[in-house]
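# Sequence first, predicted model second:
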Amino acid sequence: MDHNTKIEIRDLNVFAGKTQILRNVNIDIPKNKITVILGPSGCGKTTLLKCLNRLTDLYPELKVSGRIMIDDNNILAAKEDIYKLRQQMGLLSQRPYPLPMTIYNNIAYALKLRGIRNRRETHKLVMHYLQQANLWDEIRTRLREPASRLSIGQQQRLCLARGLAVNPEIILADEPTSALDPISSQFIEETFVKLKNDYTIVLVTHVLRQAKRIADNVVFMYLGDVIEQGSVEEVFGNPKMEKTKLYLGGTFN
Amino acid sequence: MTRAQKVEEKFFKLLMILATYFILAILAIIIYSIFEKGLKSISWEMLTQVPQGGYYYGKGGGILNAILGSLALASGATLLAFLIGLPVALYLNVFLIRHKRMISIIRFLLDLVWGIPSIVYGAFGFSLLIFFGLQTSLLAGILTVTLFILPIMIRSMDEILSTVPVGLQEAAYSLGSNKSEIAFKIFTRQSFSGIITAVLLSFGRGIGDAAAVLFTAGYTDHLQVCSPGDLANGITRQK
């Protein structure tokens, strides 16, 4: 495996009952880059993301086969410690789901799972991650309030901070800005660009402009197949496949 | 709107209004007759004294023994049912998540036992008493009522736990939580008010039901100061 590659997906097939959701997917996701997975709704983007941190285990109807190598480790292997695996990744979902506790404890809980129990250190890190997610200045006086009282945009940034608090190497983001207003979306995008020096980011989106703005690499998917992948200049500037051209031209979606 | 539609609309609106007032009227009559007949009999003495010399034949005393007995019975049974029911409901919703058929079978069975009349539980408890050669006691009553309200407790908690959003569960799993953490930290907190409702509902059923305890808790017309050891020893048996 190339040492610039963080995640290597080989022959990934996912079935839900008799329907095939992903068909022979092969993708290389480079380290410390933003890889955008692009495609119309229902093409299997979210399922692909859930394979990466084995959330697919929660759904008995999904049958996953193939190989996903992260740092020379096949994470689909049965013996893989999925709790450790999931801590290697921070997940940002379409809608923010703050845990039913205070703002402070949302982060502190993630820290505890990572093994940090010391109060002073917890305190310091909660502040650190909230700053990293661009949220600290807005809520520094409200840390003891329930997290559900924050606005949606703030909740999404709290979820990002919580995801970072488990000290992951990879950030998985599933259309993280689709429920947000433009300003909150911009916050999230800017944060991603800042974070890519330290993390490998996989972003699922169907917003072309967003992909163009922040992507380094683009994977275009359609109905469970990977149609085309490459750097953002290649895919957007000179798409090789007919379907990619049509999608980028806005002819279908 | 055509004329026919307007008539139809008016007709059904009238029906709904009539039904609503009918129910309200019945409620009002019930409340009125309770107060009308009850207010003149109720007194502080009645609530704070035990029966003296055949109260039920109209002589002196009060119903303190019955009030305390009911409270002790229902609280004990609710506590027990809660301690058994919460883990069951959490197990169904967190640990069995990959076994959808199993879940629906268990839910079906619980719904079935929910429908069993309480007198059957009473008879069942009574036959257990005979089998073990015990006397009627508060403990026997508590156990019987626990059995009776357990399905209610489990199903109403289950109902509320099953509404915890999948996205929230995924968020918690993606942080690396294990299933017991998710059950006790996420599910119970997210559904806290619903769990309280389930407890109150069960308590209400337990305290309101006489048939289940008719044979098992026995009857007494006095209060006894008791030690826990006496509980099983037939402290409330008929003299």
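Cool, got the structure.
# residues near B:Glu36, how many?
9 (other CB atoms under 10 Å in any protein chain shown). No exception for glycine: its C-beta is placed from N, CA and C like everyone else's.
# Repeat that for A:Tyr83.
Other residues lying near A:Tyr83 total 16 when counted by other CB under 10 Å.
# what do you get for A:Asp11?
With other CB under 10 Å as criterion, A:Asp11 counts 11.
# wouldn't it be in contact with A:Asn24 here?
Yes: applying CB atoms under 8 Å, one finds A:Asp11 in contact with A:Asn24, separated by 5.8 Å.
# For the most centrally placed residue in chain B, give its distance to chain A.
Geometric centre of chain B, nearest residue: B:Ser202, 2.2 Å, by CA atoms, centre = their mean. As defined by CB to the nearest CB, to the nearest Å, B:Ser202 lies at a distance of 23 Å from chain A.
# again with B:Arg205
On the measure of CB to the nearest CB, B:Arg205 and chain A end up 28 Å apart.
# Please, which helix or strand holds that residue?
Element membership for B:Arg205 (DSSP states H and E) is helix B:192-208.
# Would you mind writing the CA trace of that helix as PDB?
What follows is helix B:192-208, C-alpha atoms only, in PDB (Å, rounded to 0.1, in the frame of the first residue of the first chain):
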ATOM      1  CA  PHE B 192     -36.000  10.100  31.100                       C
ATOM      2  CA  SER B 193     -39.500  11.700  31.200                       C
ATOM      3  CA  GLY B 194     -41.000   8.700  29.300                       C
ATOM      4  CA  ILE B 195     -39.500   6.300  31.900                       C
ATOM      5  CA  ILE B 196     -41.000   8.400  34.700                       C
ATOM      6  CA  THR B 197     -44.400   8.200  32.900                       C
ATOM      7  CA  ALA B 198     -44.000   4.400  32.700                       C
ATOM      8  CA  VAL B 199     -43.300   4.200  36.400                       C
ATOM      9  CA  LEU B 200     -46.300   6.300  37.300                       C
ATOM     10  CA  LEU B 201     -48.600   4.300  35.000                       C
ATOM     11  CA  SER B 202     -47.500   1.100  36.600                       C
ATOM     12  CA  PHE B 203     -47.900   2.500  40.100                       C
ATOM     13  CA  GLY B 204     -51.500   3.600  39.200                       C
ATOM     14  CA  ARG B 205     -52.400   0.200  37.900                       C
ATOM     15  CA  GLY B 206     -50.800  -1.500  41.000                       C
ATOM     16  CA  ILE B 207     -52.600   0.700  43.600                       C
ATOM     17  CA  GLY B 208     -55.900   0.600  41.800                       C
END
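# List the buried residues in it.
Within helix B:192-208, the residues scored as buried using 16 or more other CB atoms under 10 Å in any protein chain shown are B:194-195, B:198-199, B:201-203, B:205-207.
# Which pLDDT value goes with the closest residue to A:Ile70 other than its chain neighbours?
Spatially, and ignoring its direct neighbours in sequence, A:Ile70 is nearest to A:Ile7 (5.4 Å; CB to CB, 6 or more residues apart in numbering or on different chains). A:Ile7 is assigned 91 on the pLDDT scale.
# Please list the residues of the stretch 101-250 of chain A that sit near chain B.
By the rule CB under 8 Å from any CB of the partner chain, the part of the stretch 101-250 of chain A lying against chain B is A:101, A:109-110, A:113-114, A:159, A:162-163, A:166, A:172.
# What are the structural domain limits within chain B?
B:3-42, B:63-231 (automatic domain parsing).
# out of those domains, which comes closest to A:Ala16?
Among those, the nearest to A:Ala16 by CB to CB is domain B:63-231 (13.6 Å).
# any weak-confidence spans in chain B?
Filtered on pLDDT under 70, chain B yields the residue ranges B:53-60, B:219-239.
# same thing but at 90, please
Across chain B, the stretches falling below the confidence threshold (pLDDT under 90) are B:1-3, B:37-73, B:97-100, B:117-143, B:176, B:178, B:207-239.
# and it, which residues reach chain A?
B:97-100, B:165, B:167-178, B:181, B:185-186, B:189-190, B:192.
# Following element in sequence after the helix or strand where A:Glu228 lies, please.
For A:Glu228, the element it lies in under DSSP H and E is strand A:225-231. Going down the chain from strand A:225-231, the next helix or strand is helix A:232, by DSSP H and E.
# Going through the residues of chain B next to chain A, which ones are buried?
Buried members of the residues of chain B next to chain A, counted by 16+ other CB under 10 Å: B:97, B:168-177, B:181, B:185-186, B:190.
# Tell me which two of the residues you listed sit farthest apart.
Largest pairwise distance in these, by CB to CB, is 18.7 Å, between B:Gly176 and B:Gln190.
# what pLDDT does A:Asn118 get?
For A:Asn118, pLDDT reads 91.
# how close does it get to B:Leu71?
According to CB to CB, to the nearest Å, A:Asn118 and B:Leu71 sit 46 Å apart.
# try A:Ala78
A:Ala78 is 54 Å from B:Leu71, by CB to CB.
# and what of A:Arg86?
For A:Arg86, the distance to B:Leu71 - CB to CB - is 47 Å.
# Pick out whichever of those two has more residues nearby.
Here A:Arg86 and B:Leu71 are compared on neighbour count by other CB under 10 Å; more neighbours surround A:Arg86, at 24 against 12.
# ok, the more buried one touching A:Asn53?
Yes: assessed by CB under 8 Å, A:Arg86 is found in contact with A:Asn53 at 5.0 Å.
# Mind listing the shared neighbours of these two?
Here A:Arg86 and A:Asn53 share the contacting residues B:Ser174, scored by CB atoms under 8 Å, 6 or more residues apart in numbering or on different chains.
# counting contacts, what elements does the host helix or strand of B:Phe22 pack onto?
In the assignment (DSSP H and E), B:Phe22 maps to helix B:3-38. Contacts defined by 3 or more CB pairs under 8 Å, 6 or more residues apart in numbering or on different chains; DSSP states H and E place helix B:3-38 against no helix or strand at all.
# Outside of the host helix or strand of A:Ser184 itself, list whatever touches it.
Using DSSP H and E, A:Ser184 falls within helix A:182-195. Helix A:182-195 has contacts (CB under 8 Å, 6+ apart) with A:34, A:132-134, A:151-154, A:156-157, A:160, A:164, A:171, A:173, A:176-177, A:180, A:201, A:203, A:210, A:213-214.
# Could I get the full set of helices for chain A?
Here chain A has its helices, by DSSP state H, at A:45-52, A:82-87, A:103-113, A:119-132, A:136-139, A:152-165, A:182-195, A:208-214, A:232, A:242-248.
# for these, which one ends up most surrounded?
The highest mean neighbour count among the helices of chain A, using mean count of other CB atoms under 10 Å in any protein chain shown, belongs to helix A:152-165: a mean of 25.
# just checking, what packs against that one?
Under the contact criterion of 3+ CB pairs under 8 Å, 6+ apart, helix A:152-165 touches strand A:89-92, helix A:103-113, helix A:119-132, helix A:182-195.
# and the angle from the last one to helix A:119-132?
Spelled out, that is helix A:182-195. Interaxial angle, helix A:182-195 versus helix A:119-132 (axes from the mean of the first three to the mean of the last three CA atoms, to 10 degrees): 120 degrees.
# Thanks a lot, see you next time.
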